[in-house]
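> Please work out how this folds:
(chains A and B)
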2 protein chains.
Amino acid sequence: MSNFASQRHDCANRIDLALQGFLTPRKLSGSGIAPDILVEAIRHGVLNGGKRLRPILLIQSAAIFSISEKQATRAAMAVELVHCYSLIHDDLPAMDNDDLRRGQPTVHKAYDEATAILAGDALLAHAFELLSHSDCHPDPQVRIDLVAELAKASGAGGMAGGQSLDLQGEKTRFSEKQIEQMQKMKTGALIYAAVRMGAIIGGADEKQLLSLSTYAQAAGRAFQLADDILDLTASTEQMGKTTGKDAAAKKPTLVARIGLKAAKRHLGDTIHTALSALMMFGPKADDLRATARFFGDRES
Amino acid sequence: MSNFASQRHDCANRIDLALQGFLTPRKLSGSGIAPDILVEAIRHGVLNGGKRLRPILLIQSAAIFSISEKQATRAAMAVELVHCYSLIHDDLPAMDNDDLRRGQPTVHKAYDEATAILAGDALLAHAFELLSHSDCHPDPQVRIDLVAELAKASGAGGMAGGQSLDLQGEKTRFSEKQIEQMQKMKTGALIYAAVRMGAIIGGADEKQLLSLSTYAQAAGRAFQLADDILDLTASTEQMGKTTGKDAAAKKPTLVARIGLKAAKRHLGDTIHTALSALMMFGPKADDLRATARFFGDRES
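Here you go, the predicted structure:
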């Protein structure tokens, strides 16, 4: 494992520990009593060995501004909860109807549909709860800016809208541009938000935020391109989820539209764009650079 | 119509106008493009002639502190979006499987299940987006406190948990206490949050917040009791939703457990508790008093 890969691995483990500590009956109960089955379903949907790429991006982005991993962890957890909620809902029978996620039964398979819907709903709410607490950041203006960023990424012009477009795309033939728009919202929006939230915690100025936004947009596109390529070329075992499903479901992917070779070239170009955007940060952005390169090389 | 009833009616109309103004493709799009079908489904689920009781409670609570309706409207809208999201998800086939809501087809009937799930998801996100904006309140500390309050009400110890308990209650015989806990979370939590959010906007001190919390808890219980009683006694036409469903689905309601007469007496006591909690506010709380009394008298 490269130095960067092992750093990423360790960081993911620490995020897992933090998530485990937050997703307890007591902490999820607020002033009520969180039902056992719902807490279990939430833990099943979150604590499943995910790669934690979004929280890692947030932490790496904040690190440019000398923000410690500890200080960025609450916001990082919030982003991961939103990611996990979206996976739980996307897997539902009414959506992508997936039985397998990271090698385990999906939440509606391990529990039931109603519980999976509610687990997702609760996770979205708890993400904002995490951001609202002063442990997230001492300055309420920073916390509310994080809320704004995450809410925008999750709404009808972000992830929810992207998933809606994705489902429509199974029925109509999308143009290359439409596929890019869909993927930008479905996958890109949260990656974009993660990187920007790190910058917001770090007190980035406008120019810095703009550069990191350019990086984030390119990184998000690279991630999705790699995902589409892997769906076509990797085995189910490798990915821990059913592969080849995009083609089977007539999902609109760029690979299907422009072909594998062009998609791989496009991936390379996109990673180059991401790296170029980090120029102004010098070696402080090396971790973010490594993550973008990893998006191009990943095998699962 | 009484003076209070006509005030409530006018206030609901103004909230509707504000919701109509916010739930547009442009405002829901953020930096993406909200799909038409999702925007339509969201509007169908929200702009349906709801009574807007939660936003009204928030506005009436804020009014005690001389906060104008206009100043409280964004937070009021956020509460209503969360309410509407929960109705859309509760109506889903995997949950209560309801075809009718306020005399109209439910969102998954008018559109499809996937769109209904996503419309609910998006609404929850947009509720927090509304609170994050400086138009909601100039002080970021107030805004983040509103986020905390709404998130807690929505999570596993609040509405999502309450709905999970409600579904479990169809399979096991709940005690009176368990039913109360379930209803406190499922219905009570958001009413509680609405009243407290008004107080937070108003800058209430601790004693005032405590009194309003007592009011809110009692008002929430009264509302649910009245709802259970009406499900048993009112017609589907009167309610605009399928009635008699609780008994048919073996839903755990207090009425089923303690009987209609005891439930009505309990309702009277609960409204008395709500009114008593408002003592310290004098005539400034008359609107909140009228709303609590209305919960006891309502016929739909």
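> drop to CA atoms for contacts and neighbour counts, all remaining ones
OK.
> For the closest residue to chain B within the stretch 51-200 of chain A, what are phi and psi?
Proximity of the stretch 51-200 of chain A to chain B (Cα to the nearest Cα) peaks at A:G157, 3.9 Å away. Main-chain dihedrals, A:G157, degrees, to the nearest 10: phi -90, psi 0.
> That one: what's it in contact with?
A:G157 makes contacts with A:M185, B:L28, B:S29, B:G30, B:S31, B:G32, B:I33, B:A34, B:P35, as judged by Cα atoms under 8 Å, 6 or more residues apart in numbering or on different chains.
> Measure how buried the fourth one is and give me the count.
Residue neighbour count, defined by other Cα atoms under 10 Å in any protein chain shown, stands at 19 for B:G30.
> before we move on, what about the last one?
The number of residues packed near B:P35 is 21, by other Cα under 10 Å.
> so it makes contact with A:A160?
No: look at B:P35 against A:A160 with Cα atoms under 8 Å: they stay out of range, at 9.4 Å.
> so for the helix or strand A:G296 falls within, what's the average pLDDT?
Element membership of A:G296, judged by DSSP states H and E, is helix A:286-297. Mean pLDDT, helix A:286-297: 93.
> how about the contacts of A:G157 in TSV, adding secondary structure and pLDDT?
TSV is the format used below for these (DSSP: H, G, I helix; E, B strand; the rest coil; pLDDT from 0 to 100):
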residue	secondary structure	pLDDT
A:M185	helix	97
B:L28	helix	97
B:S29	helix	96
B:G30	coil	89
B:S31	coil	86
B:G32	coil	92
B:I33	coil	95
B:A34	coil	97
B:P35	coil	97
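> Scan those residues and report the most crowded one.
Using other Cα under 10 Å as the neighbour test, the contacts of A:G157 are led by A:M185, with 32 neighbours.
> Next, the contact list for that residue, please.
Counted by Cα under 8 Å, 6+ apart, A:M185 has contacts A:A153, A:G157, A:G158, A:M159, A:G161, A:G162, A:Q163, B:G32.
> So which of those are in helices?
Secondary structure from DSSP state H places A:A153, A:M159, A:G161, A:G162, A:Q163 of those in helices.
> Okay, now the unreliable bits of the stretch 201-300 of chain A?
Applying pLDDT under 70 to the stretch 201-300 of chain A flags residues A:235-250, A:299-300.
> Show me where it has its helices.
Assigned by DSSP state H, counting those that start in this stretch, the stretch 201-300 of chain A shows helices spanning A:206-233, A:236-239, A:245-248, A:254-258, A:260-276, A:286-297.
> Any idea which of those helices gets closest to chain B?
For chain B, the closest of the helices of the stretch 201-300 of chain A is helix A:206-233, at 11.9 Å, according to Cα to the nearest Cα.
> what's the closest one packed up against?
helix A:189-201, helix A:245-248, helix A:254-258, helix A:260-276, helix A:286-297 (3 or more Cα pairs under 8 Å, 6 or more residues apart in numbering or on different chains; DSSP states H and E).
> Leaving out chain neighbours, which residue sits closest to A:T291?
A:L57 (7.7 Å; Cα to Cα, 6 or more residues apart in numbering or on different chains).
> Is the one you found in a helix, a strand, or coil?
For A:L57, the assignment made with DSSP: H, G, I helix; E, B strand; the rest coil gives helix.
> residues in contact with it?
A:L57 touches A:I191, A:A194, A:V195, A:G198, A:L288, A:T291, counting by Cα under 8 Å, 6+ apart.
> again with A:H44
Neighbours of A:H44 in contact, by Cα under 8 Å, 6+ apart: A:V107.
> since we're on the residue nearest to A:F281 when sequence neighbours are not counted, how many residues are nearby?
Spatially, and ignoring its direct neighbours in sequence, A:F281 is nearest to A:I64 (7.3 Å; Cα to Cα, 6+ apart). Residues lying near A:I64 (other Cα under 10 Å) number 21.
> same question, A:P138
Residues contacting A:P138 under the criterion other Cα under 10 Å number 11.
> do the one 3 residues further on as well
Residues lying near A:Q141 (other Cα under 10 Å) number 16.
> mind listing the helices for the stretch 1-150 of chain A?
A:3-22, A:25-29, A:36-46, A:53-63, A:69-90, A:107-110, A:113-132, A:140-154.
> Put together TSV for those, with distance to B:H126 on each row.
Shown next, in TSV, are the helices of the stretch 1-150 of chain A (distance: least, Cα to Cα, whole Å):
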stretch	distance to B:H126
helix A:3-22	24
helix A:25-29	22
helix A:36-46	22
helix A:53-63	21
helix A:69-90	14
helix A:107-110	25
helix A:113-132	11
helix A:140-154	6
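> now for those, which one comes closest to B:T106?
Closest to B:T106 of these, according to Cα to Cα: helix A:113-132, at 16.8 Å.
> and that closest one with helix B:113-132, angle?
With axes from the mean of the first three to the mean of the last three Cα atoms, to 10 degrees applied, the angle from helix A:113-132 to helix B:113-132 works out at 20 degrees.
> quick one: is helix A:113-132 near chain B?
Yes: residues of helix A:113-132 contacting chain B under Cα under 8 Å from any Cα of the partner chain: A:113-115, A:117-119, A:121-126, A:128-129, A:132.
> coming back round to it: looking at the helices of the stretch 201-300 of chain A, which is buried most?
Across these, the average number of neighbours (mean count of other Cα atoms under 10 Å in any protein chain shown) peaks for helix A:206-233, which reaches a mean of 22.
> quick one: that helix to chain centroid distance?
Taking Cα atoms, centre = their mean, to the nearest Å, the mean C-alpha location of helix A:206-233 is offset from the chain mean by 11 Å.
> so that helix versus helix A:189-201, what angle?
Between helix A:206-233 and helix A:189-201, the angle comes out at 150 degrees (the same axes, to 10 degrees).
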